[in-house]
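>>> Next come a sequence and a model predicted from it.
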Amino acid sequence: MPNTVASKRVHVAVGVIYNPQGEILIARRHDDAHQGGLWEFPGGKVETGETVCDALARELHEELGIVVHTASCTQLLEIRHDYTDKVVLLDVWKVLKFDGEALGKEGQPLKWVQPQALPEYDFPAANVAIVDAILKLAD
Ligand SMILES: Nc1nc2c([nH]c(=O)n2[C@H]2C[C@H](O)[C@@H](COP(=O)(O)OP(=O)(O)OP(=O)(O)O)O2)c(=O)[nH]1
Ligand SMILES: [Mg+2]
């Protein structure tokens, strides 16, 4: 397959997970990952044949050990971003209900933060729009 931009485009299910206190979960990406060392909203690549919602539930179970109530998930926004080495389509969903306690199953540091504190953390460039959307919801 030619090494085209299209061949490198990845569809990513991203969760903005709220706890009952209204805080949002962020995780620090491993240093050796794409956009490593930066904070992210947990999630991962949508696999062939999966809905975005299924992918989100699978990734959040793998990465955090939680069981998402998919009926509580609503789409927040979609962002297409070109990182030059990779083009991503971030499909961002709000997660309001889940079972279990979120743990960094892959050794990643986690933090629950107030929406207003999100601008204090370093995120990948594509996430600026996500943080803006969250802050609008918090207004
Ligand atoms: N999960 C997540 N990915 C993000 C965010 N912002 C952002 O630019 N990305 C990019 C980084 C990666 O190129 C891609 C997501 O890939 P990922 O590393 O989470 O995928 P994955 O969990 O399936 O990981 P892997 O199996 O490939 O290791 O999207 C974000 O807030 N959350
Ligand atoms: Mg991931």
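Great, that's in hand. Everything numeric here is computed off the predicted structure, so don't read it as measured data. Ligands and ions are numbered 1, 2, ... in the order given.
>>> If the nearest residue to residue 57 once chain neighbours are set aside is in a bridge, with which residues?
Spatial nearest neighbour of residue 57, chain neighbours left out: residue 68 (4.5 Å); criterion: CB to CB, 6 or more residues apart in numbering. Quick note: C-beta positions are derived from backbone N, CA and C, even for glycine. Listed by DSSP bridges, the beta-bridge partners for residue 68 are residue 98.
>>> is it true that residue 68 touches residue 96?
No: using CB atoms under 8 Å, residue 68 makes no contact with residue 96, being 9.5 Å away.
>>> more crowded one of these two?
residue 68 (24 against 15; other CB atoms under 10 Å).
>>> For this structure, what lies in contact range of ligand 1?
Selection of the chain residues close to ligand 1 by CB under 6 Å from any ligand atom yields 10, 12, 14, 33-35, 40-45, 59, 86, 88, 90, 124, 126-127.
>>> you'd agree residue 99 is up against residue 66?
Yes: counting by CB under 8 Å, residue 66 is a contact partner of residue 99 at 6.6 Å.
>>> Okay, and the beta partners of the residue of the chain found nearest ligand 1?
Residue nearest to ligand 1 within the chain: residue 44 (2.4 Å; CB to the nearest ligand atom). The partner list for residue 44 in beta bridges (DSSP bridges) reads residue 13.
>>> Can you give me the end-to-end span of stretch 41-48?
The first and last residues of stretch 41-48 sit 22 Å apart, counting by CA to CA, to the nearest Å.
>>> Please read the previous query as pertaining to stretch 20-29.
25 Å.
>>> contact partners of it?
15-19, 35-42, 63-64, 102, 104, 108-115, 118, 121, 134 (CB atoms under 8 Å, 6 or more residues apart in numbering).
>>> Now do the buried residues in stretch 13-29.
13-18, 24-29 (16 or more other CB atoms under 10 Å).
>>> among the residues you listed, which two are most distant?
18 and 29 (20.7 Å; CB to CB).
>>> In this structure, mark out all the strands, start to finish.
9-17, 24-28, 39-40, 43-45, 67-68, 74-82, 87-95, 98-99, 110-113 (DSSP state E).
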